[in-house]
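Enquirer: need a structure here:
(chains A and B, ligands or ions: 2)
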Amino acid sequence: MSAAETLTSAVKANAPPAISLERVNKWFGSLHVLRDVNLSVAHGERVVVCGPSGSGKSTLIRCINRLEEHQEGRITVDGIELSDDLKALDAIRREVGMVFQSFNLFPHLTILENCTLAPIWVRKMPKKEAEALAMEYLTRVRIPEQANKYPGQLSGGQQQRVAIARALCMQPKIMLFDEPTSALDPEMIKEVLDTMVMLADTGMTMICVTHEMGFARQVADRVVFMDRGEIVEQGVPETIFNNPQTERLKLFLSQILRGH
Amino acid sequence: MSDVALNENMPNDALPRTAPKRFLGPAAWARENLFSTWWSTAITLALAYLLIRYAVSFVDWAFVNAIWTVPYNAAGQPDASACRDNKGIGACWAIIADKHRFILFGTYPYDEHWRPLLVCMLFVGLYIVSAMRRFWNWRLAVIWAVTLTAIGILMWGGVFGLTYVPQERWGGLPITLILATFGLAFAFPLAILVALGRRSQLPAIKALCVLYVELIRGVPLISLLFMASVMFPLFLPEGINIDKLLRAQIAIILFAGAYLAEVVRGGLQALPKGQYEAADALGLSYWKKTGLIILPQALRLVIPPLVNTFIGFFKDTSLVLIIGIFDLLTAGKTALIEPQWQGFGVEVYITLGLIYFIFCFAMSQYSAGLEAEFNRHRRR
Ligand SMILES: Nc1ncnc2c1ncn2[C@@H]1O[C@H](COP(=O)(O)OP(=O)(O)O)[C@@H](O)[C@H]1O
Ligand SMILES: [Mg+2]
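Expert: Numbering: from 1, shown residues only, chains lettered A, B, ... in the order given. Ligands and ions are numbered 1, 2, ... in the order given. From the prediction side, this is the model:
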């Protein structure tokens, strides 16, 4: 992987950002779900997004690969602006992998077929090569022995690790995670988080929506706190968690801590 | 898991055992379901009595007292008087023995009956090959194209030394199979396109598909067939004449297409949104997403209603009799017009019913197997 070498902060500062959102606004009908959101993520940066339910976190990251369309503002991914241009959209989706809360594996295909589908049909990779690549990533998420099973035969934690491998098989530059551990039983959360930590160690650019504080402290370069469609506060994990500035963040943190 | 660890210290009687004898076996089942109360026992006995009585009298009529052949006079005409004397006592299968070739092949030239027979066998072969998942690839399309061409050549003739047989003389089972097979083979892809179109973002396509489905669903097949056979030719320019069978075929395709489209749409709607999103996020184009992710799952979900519709349309092809196309049912009815065989409709209709049943039952058995196979890997 080309992104394997960790980038120095000096390079980070000079290179154009991997993702940039400028004054992005979005409405669902009359509901204003993203309000003037500005966010810039450098190559190799790991950003954790947190905030109360319904604050627009999912909508924010889904706008980045255009599963949702924003209505105002600019979103640029890896130098390409998101617009109605389908070519640009294809190019962006090739560079951006996504992992969903509910895994969304394809139940009619085996684990291996789930992983090779996009490389074969989108990247036009020969089947043999795609299978070798898929086995490599399945080995990395530590489930190569499940390759010929179907998603329905795997546990939730295993399915989510397959979903991560499936996204990685497209060799994306950026990975988006939307509450990847929220649908999992407690004993399976760790195996998925470990996989994500491993991924972070390779230098992948990541945006993770999650409430896992331990994970945020361990890997995040920056934590972004959202509430009611706005980015309220952001900073390094230590500052955000130990020294919150706003009442909203203080309230949110107290609720999270009570929950744990 | 934790209960495995507990096993060693568990008292003996907590180990899994088979259920006690009195809860197992057919006798237990009967006690539970048929003779649980005196009321249930009475109903069971009464129904058993009726069932046995009718079964016995049917066997008497259909087999024991039945007449299988009748003598022929010098002119080659059958003499059905023995059957008439036996009416109400035993079945007269001699009518089937005498008329089976007419019922199966209609007015197709007698000496050429091997051709429609071969056509029927080709159809059955085609169904069997299509049922095998091994052939579910480009080869199937080739097999269909070749077989359907061969069927056309055999029926029409006029080449390879085969005498030409005009379409008006075709009849019986081949007509039914042609209408059903071509009908569903064209209606199914049409239905998929219409179902996708109804969910399209493009308003014009969506409106067109909705209009098509609602218009076709709003009228009975019979009136559609009438329009195809009577009204449609009025709009054609002088001298152009589209084959009557083809017109009926098109009407059936359009009709089946609308119903199947709604079935397919049900499958599309039942798929979780996450499947669409995952495919989008991987960068699959619309047609790849539809062909690789959406349709394979949506169609599996709707196998039961799909086959239900298939079976319905297989039988509905018999409605073409009202516009004078000689399908299996019409041929059977026509066989009854002959003076010596009048009044033996029950025997003919039982035979026709049996033929329809064989095809429909095969379809339903196949779909049950397919469903079981597809669901093997699904939990829940
Ligand atoms: N497709 C949609 N249509 C209408 N409203 C939506 C849709 N998706 C999300 N919303 C609303 O937008 C708001 C933000 O949702 P979301 O981004 O999912 O929040 P979060 O992920 O932070 O919980 C919520 O009030 C939610 O009800
Ligand atoms: Mg969410």
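
Enquirer: beta partners for A:Asp227?
Expert: In this structure, A:Asp227 bridges to A:Glu230 when assessed by DSSP bridges.

Enquirer: In the chain, where is pLDDT below threshold?
Expert: In the absence of a named chain, chain A is used. Within chain A, the stretches with pLDDT under 70 are A:1-14, A:259-260.

Enquirer: you looked at the wrong chain, it should be chain B
Expert: Looking along chain B with the criterion set at pLDDT under 70, you get B:1-14, B:22, B:238-241, B:377-380.

Enquirer: Write out the residues of chain A neighbouring ligand 1.
Expert: Contact residues, chain A versus ligand 1 (CB under 6 Å from any ligand atom): A:Phe28, A:Leu31, A:Val33, A:Gly51, A:Ser53, A:Gly54, A:Ser55, A:Gly56, A:Lys57, A:Ser58, A:Thr59. For glycine as for every other residue, the C-beta is placed from the backbone atoms N, C-alpha and C.

Enquirer: Just among those residues, which is most surrounded?
Expert: Neighbour counts for those (other CB atoms under 10 Å in any protein chain shown) peak at A:Gly56, which has 26 neighbours.

Enquirer: shouldn't that one be in contact with A:His32?
Expert: No. Taking contacts as CB atoms under 8 Å, A:Gly56 lies outside contact range of A:His32: 9.1 Å.

Enquirer: quick one on the thing from earlier: same list, the residues of chain A next to ligand 1, but as a markdown table with secondary structure and distance to B:Gly90 please.
Expert: Formatted as a markdown table, the residues of chain A next to ligand 1 follow (DSSP: H, G, I helix; E, B strand; the rest coil; distance: CB to CB, whole Å):
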| residue | secondary structure | distance to B:Gly90 |
| --- | --- | --- |
| A:Phe28 | strand | 75 |
| A:Leu31 | strand | 78 |
| A:Val33 | strand | 80 |
| A:Gly51 | coil | 84 |
| A:Ser53 | coil | 78 |
| A:Gly54 | coil | 78 |
| A:Ser55 | coil | 83 |
| A:Gly56 | coil | 81 |
| A:Lys57 | helix | 80 |
| A:Ser58 | helix | 76 |
| A:Thr59 | helix | 78 |
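
Enquirer: Return the closest of these with respect to chain B.
Expert: Checking these against chain B by CB to the nearest CB gives A:Ser58 as the nearest, at 10.9 Å.

Enquirer: That closest one reaches A:Val209, doesn't it?
Expert: Yes. In terms of CB under 8 Å, A:Ser58 counts as a neighbour of A:Val209; the distance is 6.5 Å.

Enquirer: Between the two, which contacts overlap?
Expert: A:Asp178, A:Glu179 (CB atoms under 8 Å, 6 or more residues apart in numbering or on different chains).

Enquirer: ok, back up a step: okay, among the residues of chain A next to ligand 1, which ones form the most distant pair?
Expert: The largest separation in these, counting by CB to CB, is between A:Phe28 and A:Gly51 at 16.9 Å.

Enquirer: quick revisit: give me the common contacts of A:Gly56 and A:His32.
Expert: With CB under 8 Å, 6+ apart, A:Gly56 and A:His32 have common neighbours A:Lys26, A:Gly229.

Enquirer: Run the chain-centre distance for stretch A:65-78.
Expert: Mean-position distance between stretch A:65-78 and its chain equals 15 Å (CA atoms, centre = their mean, to the nearest Å).

Enquirer: in that stretch, what counts as buried?
Expert: Buried positions in stretch A:65-78, judged by neighbour count with 16 or more other CB atoms under 10 Å in any protein chain shown: A:Asn65, A:Arg66, A:Leu67, A:Glu68, A:His70, A:Gly73, A:Ile75, A:Thr76, A:Val77, A:Asp78.

Enquirer: What of stretch B:200-214?
Expert: Buried, per 16+ other CB under 10 Å, within stretch B:200-214: B:Ile205, B:Cys209, B:Tyr212, B:Val213.

Enquirer: Can you narrow those down to the ones near ligand 1?
Expert: Of these, not one also sits near ligand 1 (CB under 6 Å from any ligand atom).

Enquirer: Just those residues: which are in helices?
Expert: Residues of those located in helices (DSSP state H): B:Ile205, B:Cys209, B:Tyr212, B:Val213.

Enquirer: Using JSON lines, lay out those together with distance to chain A.
Expert: Listed next are those as JSON lines, based on distance: CB to the nearest CB, whole Å:
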{"residue": "B:Ile205", "distance to chain A": "18"}
{"residue": "B:Cys209", "distance to chain A": "23"}
{"residue": "B:Tyr212", "distance to chain A": "28"}
{"residue": "B:Val213", "distance to chain A": "27"}
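
Enquirer: Distance to B:Ser285 added to those, as TSV?
Expert: Shown next, in TSV, are these (distance: CB to CB, whole Å):
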residue	distance to B:Ser285
B:Ile205	17
B:Cys209	21
B:Tyr212	26
B:Val213	26
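
Enquirer: List just the nearest of the residues you listed to B:Gly106.
Expert: B:Tyr212 (33.4 Å).

Enquirer: wait, that closest one sits on B:Ala258?
Expert: Yes. With contact defined as CB under 8 Å, B:Tyr212 counts as touching B:Ala258 (6.5 Å).

Enquirer: residues bridging contact with these two, i.e. touching both?
Expert: The contact lists of B:Tyr212 and B:Ala258 share B:Val194, where a contact means CB under 8 Å, 6+ apart.

Enquirer: Kindly report the residues of chain B close to chain A.
Expert: In this structure, chain B approaches chain A at residues B:272, B:274-275, B:277-285, B:288, B:292-293, B:296-297, B:300, B:374, B:377-380, judged by CB under 8 Å from any CB of the partner chain.

Enquirer: Now a PyMOL select for only the buried ones of those.
Expert: In PyMOL, a selection of the buried entries from the residues of chain B next to chain A looks like this (16+ other CB under 10 Å):
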select buried, chain B and resi 275+277+278+279+280+281+282+283+284+288+292+293+297+300+374
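
Enquirer: can you give me the strands in the stretch 101-250 of chain A?
Expert: Taking DSSP state E, counting those that start in this stretch as the test, the strands found in the stretch 101-250 of chain A are A:174-178, A:205-209, A:222-227, A:230-235.

Enquirer: tell me which residues in whatever helix or strand B:Leu193 lives in are buried?
Expert: Take DSSP states H and E as the rule and B:Leu193 turns out to sit in helix B:173-198. Going by neighbour count (16+ other CB under 10 Å), the buried part of helix B:173-198 is B:173-184, B:186-188, B:190-192, B:194-198.

Enquirer: the helices in the stretch 251-380 of chain B, which residues?
Expert: For the stretch 251-380 of chain B, applying DSSP state H, counting those that start in this stretch gives helices covering B:273-281, B:286-288, B:295-301, B:303-316, B:328-335, B:345-374.

Enquirer: Now do the last one: which elements does it pack against?
Expert: So that's helix B:345-374. Counting contacts by 3 or more CB pairs under 8 Å, 6 or more residues apart in numbering or on different chains; DSSP states H and E, helix B:345-374 packs against helix B:94-105, helix B:303-316, helix B:328-335.

Enquirer: ok so A:Arg74 is a strand residue?
Expert: Yes. Judged by DSSP: H, G, I helix; E, B strand; the rest coil, A:Arg74 forms part of a strand.

Enquirer: quick one: contacts for it?
Expert: Per CB under 8 Å, 6+ apart, neighbours of A:Arg74: A:Ser20, A:Leu21, A:Glu22, A:Arg23, A:Val24, A:Glu81, A:Leu82.

Enquirer: so it bridges to which residues?
Expert: If you apply DSSP bridges, the partners that A:Arg74 bridges to are A:Glu22.

Enquirer: any idea how far chain B is from it?
Expert: Distance of A:Arg74 to chain B, computed by CB to the nearest CB, to the nearest Å: 21 Å.

Enquirer: centroid residue for the chain?
Expert: Let's take chain A. Chain A has A:Leu176 as the residue nearest its centroid, 1.6 Å off, counting by CA atoms, centre = their mean.

Enquirer: oops, chain B please
Expert: Among the residues of chain B, the one closest to the centroid is B:Ile311, at 3.3 Å (CA atoms, centre = their mean).
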